[in-house]
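**Student:** Please work out how this folds:
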Amino acid sequence: MKKILFALLFLATSLMAELTQVWATPEFADKNIKIIDIRTPAEWKETGIVKGSYTITFFDERGNFNVKNFLTQLNMAVKKDEQFALICRVGSRTGMVSEFLSEKLGYKVINLKGGIMKMIHDGYKTVPYKQ
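**Tutor:** Numbering: from 1, shown residues only. The predicted structure follows:
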């Protein structure tokens with residue numbers, strides 16, 4: 001009985017999860033969807049950020065992470081049932097983090113494939129990062 005209940009709970013959680021994969025484009029920045037930039041402060045300073053994005057580091061410079069701290073900051077920026085996008089440098093980190101957030105925690109995540117570098121390559125003009 002416990003196994004059946006666990007399976008049903010897992011299935012229900014999986015069905016509520018929503019992960020969308022789209023290319024990071026300058027046009028996406030014009031949509032009314034919150035963008036969470038999970039890069040490091042050094043990266044934000046190097047390239048700038050998407051105007052209006054939320055800067056919340058997931059992995060530090062050494063590749064370490066603190067899920068509890070990240071989720072605390074994320075939950076101040078978005079509601080659990082609100083769709084939002086994740087961006088990093090080229091899309092590798094957001095690929096992992098967006099799967100975790102959507103499949104394990106039930107967030108509605110858009111993974112911006114290609115990251116900020118693709119957006120810049122496509123002509124997007126970032127704004128300077130201010131601490």
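**Student:** Not counting sequence-adjacent ones, nearest residue to the residue most central in space within the chain?
**Tutor:** For the chain, the residue lying nearest the average C-alpha position, counting by C-alpha atoms, centre = their mean, turns out to be Leu86 (2.2 Å). Closest residue to Leu86 apart from its sequence neighbours, by C-beta to C-beta, 6 or more residues apart in numbering: Thr94 at 4.1 Å. (Each C-beta comes from the backbone N, C-alpha and C, glycine too.)
**Student:** Surely that neighbour and Leu101 touch.
**Tutor:** No - applying C-beta atoms under 8 Å as the test, Thr94 and Leu101 come out as separate, 9.7 Å apart.
**Student:** so what sits against both of the two?
**Tutor:** Common neighbours of Thr94 and Leu101 (criterion: C-beta atoms under 8 Å, 6 or more residues apart in numbering): Leu86.
**Student:** Quickly note the distance from Met76 to Phe70.
**Tutor:** Counting by C-beta to C-beta, to the nearest Å, the gap from Met76 to Phe70 is 11 Å.
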